[in-house]
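1. can't give you the sequence, but here's the structure:
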């Protein structure tokens, strides 16, 4: 299958998916609260649950035309955020493509490091984040989505 045919095929899958009745196929479960002292770091693990029968593209995806699962978390008031550490993907083959896809299914854990500056004032911080993905089944892909979430960070004195 050449690149143009692949693009057209993925477009058809997206359009078919848009016609399906949507439900929450991907759930983001960030940690409720993380306590950190100034000058220290902690790991935040964001859990993603993908509905049975669906998958999302891994990060990185197998092809630049695919939409990888992407986690973003913004720093806030004396907090720095490290890059997400994406887990190893599953290798998936489908009858409609010659390309071996790199996917995630089920429950996926994505850790990232949080660092608090030594001069950060004590108190709560609300960090905003987003998860960008495209949920697919064996036969159809839904349009890409972005889901927002928040994590409360408590900087201890």
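-> Cool, got the structure. Just so you know, these numbers come straight off a predicted model, no measurement behind them. Numbers count the residues shown, from 1 in each chain.
2. Sketch out the strands for the protein, chain order is fine.
-> Here the chain has its strands, by DSSP state E, at 26-29, 33-36, 41-50, 56-57, 70-73, 79-81, 90-92, 101-104, 107-116, 123-133, 145-155.
3. Point out the most buried one among these.
-> Each of the strands of the chain was assessed for mean neighbour count using mean count of other CB atoms under 10 Å. The highest is strand 56-57, with a mean of 26. Every residue, glycine included, has its C-beta placed from N, CA and C.
4. was I right about residue 57 contacting residue 64?
-> No: under the criterion of CB atoms under 8 Å, residue 57 makes no contact with residue 64, lying 11.0 Å away.
5. Find me the pLDDT at the closest residue to residue 73 other than its chain neighbours, would you?
-> Leaving aside its sequence neighbours, residue 73 sits nearest to residue 129 (CB to CB, 6 or more residues apart in numbering; 4.0 Å). At residue 129, the model reports a pLDDT of 95.
6. Next, the contact list for residue 129, please.
-> 30, 46, 71, 72, 73, 74, 148, 149, 150, 151 (CB atoms under 8 Å, 6 or more residues apart in numbering).
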